[in-house]
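> Mind folding the following:
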Amino acid sequence: MSRPSDHIDSAPPREDPDIVQPKLGFVGWLRFLWRQLTSMRTALFLLLLLAIAAVPGSLVPQRSSDPNGVVQYFNDHPDLAPFLDKLQAFDVYTSAWFSAIYLLLFVSLIGCIIPRTKHHFDALRAQPPRTPFRLTRMAGFRARLLPADRAADGPEPIGAARDLLRKAGYRVALYQDAKSTSVSAERGYLRETGNLVFHTALVGVLFAVGFGGGFGFTGQKIVVVGQTFVNSIPSYNTFNPGRFFSDASLSPFSIRVDQLDVKYETKNKNAIGTPLDYTAHVTATEPGESPRPETIKVNDPLEIGGTSVYLLGNGYAPTITVRDPQGNIAFQDSVPFIVQDPNNTSVGTVKVPDGLAEQVGMTGFFYPTKGQSQTAAGAMTSIFPGLRDPLVTLNVYVGDLGLDQGVPQNVYSLNTDKLKQVAGPGTKTASLEIAPGQTVQLPNGLGSVTVDGVKRYVGLDIHHDPAQGWVLLCAILILGGLLASLFVPRRRIWVKAVTNDDGTVTLEYAGLARGEDPNLEAAVAGIAEQHAAALARTPVRTRTEST
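Down below sits the predicted model:
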């Protein structure tokens, strides 16, 4: 049935011309903004915004964890990368916009926690509230009639109820008026305590992550088997310190890589060459201690000097010797070649600045098991990651390597701007192909190059976070606080004894929950049954009322 056309759902607001709303003013606006910032709704919104802001960090490489990936991204996307760099997309977690959200969330949570903590502390010190006058309106209400003789000769009903509720973990208080005596009981403060612990620990995580990021560092180092890494800044290939990092905080230790054990799948035809296990056997040395053997495996780091050393990757390092025409050694080293595919096809660079008639640079490929590429006609590739039929191919350049200007260079790449290619594609001389143990002459009578053998190398990721223990503790507190806030019920239970004119006593029971508590009525019924058992030697008459 439709309403009349002149029906009015509610009266229009009454406007009083004598009432003038005061202006907030500067202090009023500050107070308003502070209340908005410290509201739980704003804190949840900022937490969601922080999660969204962290997404770009998983879409593009970060300088803090993958500096080589950033360089490669610039090479692959020369137009897009500079724009993203201006937006600090390669430094997401230290960017201005991410830090702003981080700090606002920090302030918002603290502004929420402090007043709630004070309110909770006051509630803990306060007595349970007075018993309501009409318990019939409360959840689980029930009443029992205690006969006059039982009331006169038995134990005092409210005293027994108080003892019973105390044993059940309730805080109790007695109240009395002209015709009734009652006990008010309350429990479940652990729920709000857990809620506060959850939010406080969340602040702790934010603080610990910020502290650890400011005073910690991460670094990467490629170490050839047989060589030693010393924990000093010049020894790192890449090093990313926190804003407050000091060189003095580096712990003096060394790690010698003795052996790398690698297992590949060789039986399953559908997974030939799949790595099954990597284990680096190392010797760790700290000041004042004897060298000790250790192992580093994937997801099983070495803990030394307050740092965690992870096995980040591995590959091959052919030992290359370059001699002049008279046979004098101009260069000799095990050169790490960077892995490019699952079968360990790798690329590497050799730079010979002295000892020959000209400066020589070489770039090339290493194939652990050489074979023909299935995608590029005439090209070679590795068909198995293990050393079955290794081969090194080198393209040769001569000219200015750019090392005399004192400008730092990437040891794993060769700048050919001031170099002339004398061997390789596009020249009259083919690329040099050298198997381990072979020697090949360099073009233009420059000398010779020999591959003496092939060693393994490991990529180590050294991570120091002084706050990681605190982060773990806060994470445990977050979980514990969340569980307490979700599963501990906050409830009140009242037991009232009303003396009737005929000497009988009516015992009333009821409860009230803060939030959802599906077990409240069962809890009230249980208290009533236990109370009856404590008062009487024989069953008493019972009546149940509901509203």
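
> in stretch 108-116, what's buried?
Within stretch 108-116, the residues scored as buried using 16 or more other CB atoms under 10 Å are 108, 109, 110, 111, 112, 113. (C-beta placed from N, C-alpha, C; glycine too.)

> quick one: average pLDDT of stretch 294-309?
In this model, stretch 294-309 carries a mean pLDDT of 92.

> Pull out the buried residues from that stretch.
Neighbour-count burial for stretch 294-309, counted by 16+ other CB under 10 Å, picks out 294, 296, 301, 302, 304, 305, 307, 309.

> quick one on the thing from earlier: between the buried residues of stretch 108-116, which is closest to residue 280?
Nearest to residue 280 among these: residue 109, at 41.8 Å, using CB to CB.

> Find the nearest non-adjacent residue to the closest one, please.
Among residues not flanking residue 109 along the chain, residue 203 sits closest, at 4.9 Å (CB to CB, 6 or more residues apart in numbering).

> Name the next helix or strand downstream of the helix or strand harbouring that neighbour, please.
Take DSSP states H and E as the rule and residue 203 turns out to sit in helix 189-215. Using DSSP H and E, the helix or strand that directly follows helix 189-215 along the chain is strand 217-224.

> Which strands or helices does that next one pack on?
Secondary-structure packing of strand 217-224 (3 or more CB pairs under 8 Å, 6 or more residues apart in numbering; DSSP states H and E): strand 238-241, strand 254-264, strand 448-464.

> just how off-centre is it within its chain?
Here strand 217-224 is found 22 Å from its chain centre; the criterion is CA atoms, centre = their mean, to the nearest Å.

> For it, which strands pair with it and how are they oriented?
According to DSSP bridges, strand 217-224 forms sheet pairs with strand 238-241 (antiparallel), strand 448-464 (antiparallel).

> Tabulate those (TSV), appending mean pLDDT and distance to residue 361.
Shown next, in TSV, are those (pLDDT from 0 to 100; distance: least, CB to CB, whole Å):
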stretch	mean pLDDT	distance to residue 361
strand 238-241	86	22
strand 448-464	94	12
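
> Check the ones you listed for me and report the most buried one.
Mean neighbour count (mean count of other CB atoms under 10 Å) peaks for strand 448-464 among the strands paired with strand 217-224, with a mean of 20.

> Quick one: low-confidence residue ranges for the stretch 251-400 of the chain.
Low-confidence segments of the stretch 251-400 of the chain (pLDDT under 70): 376-378.

> can you rerun that using 90?
By pLDDT under 90, the weakly predicted segments of the stretch 251-400 of the chain are 266-273, 288, 298-299, 305-306, 312-313, 372-379.

> which residues of the protein fall in helices?
Here the chain has its helices, by DSSP state H, at 25-37, 40-53, 56-59, 67-76, 80-86, 96-125, 148-153, 157-167, 189-215, 468-487, 520-535.

> Mind listing what's buried along the fourth one?
So that's helix 67-76. Neighbour-count burial for helix 67-76 flags 67, 70, 71, 73, 74 (criterion: 16+ other CB under 10 Å).

> now do the first one
Across helix 25-37, burial judged by 16+ other CB under 10 Å covers residue 37.

> Nothing else from me, thank you.
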